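Q: only geometry, no sequence info:
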């Protein structure tokens, strides 16, 4: 699903000039980090990726908190919107 998400964002009819996409990976073993590192140079928006520790058991709340912190850092104090999803 990650490749389709990136393509969908890249094909937005109206591309905000300051669009930042932040992706927090927590314990992924599916190649997501490699896919993102290969795609970053081809995207028409800023992509920020953070790879968290592999937690066992997984903790969706902790991952969501870290993802929101990443988003807030990306905003850098500016106004903006944060959207989240848990892909798995």
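A: Cool, got the structure. The structure displayed is predicted, hence computed values, not measured ones.

Q: residue 65 should be in a helix, yeah?
A: Yes - in this structure, residue 65 lies within a helix as judged by DSSP: H, G, I helix; E, B strand; the rest coil.

Q: could you tell me how many residues sit around residue 39?
A: 16 (other Cβ atoms under 10 Å). Every residue, glycine included, has its C-beta placed from N, CA and C.

Q: spatially nearest residue to it (excluding sequence neighbours)?
A: Distances taken as Cβ to Cβ, 6 or more residues apart in numbering put residue 6 closest to residue 39, at 5.7 Å, once the chain neighbours are dropped.

Q: equivalent analysis for residue 70, please.
A: If you skip the residues right next to it in sequence, residue 70 has residue 22 as its closest partner in space, 4.6 Å away by Cβ to Cβ, 6+ apart.

Q: my read is the one you found is in a strand, agree?
A: Yes - checked against three-state DSSP, residue 22 lies within a strand.

Q: just list whatever residues bridge to it.
A: Taking DSSP bridges as the rule, residue 22 bridges to residue 48.
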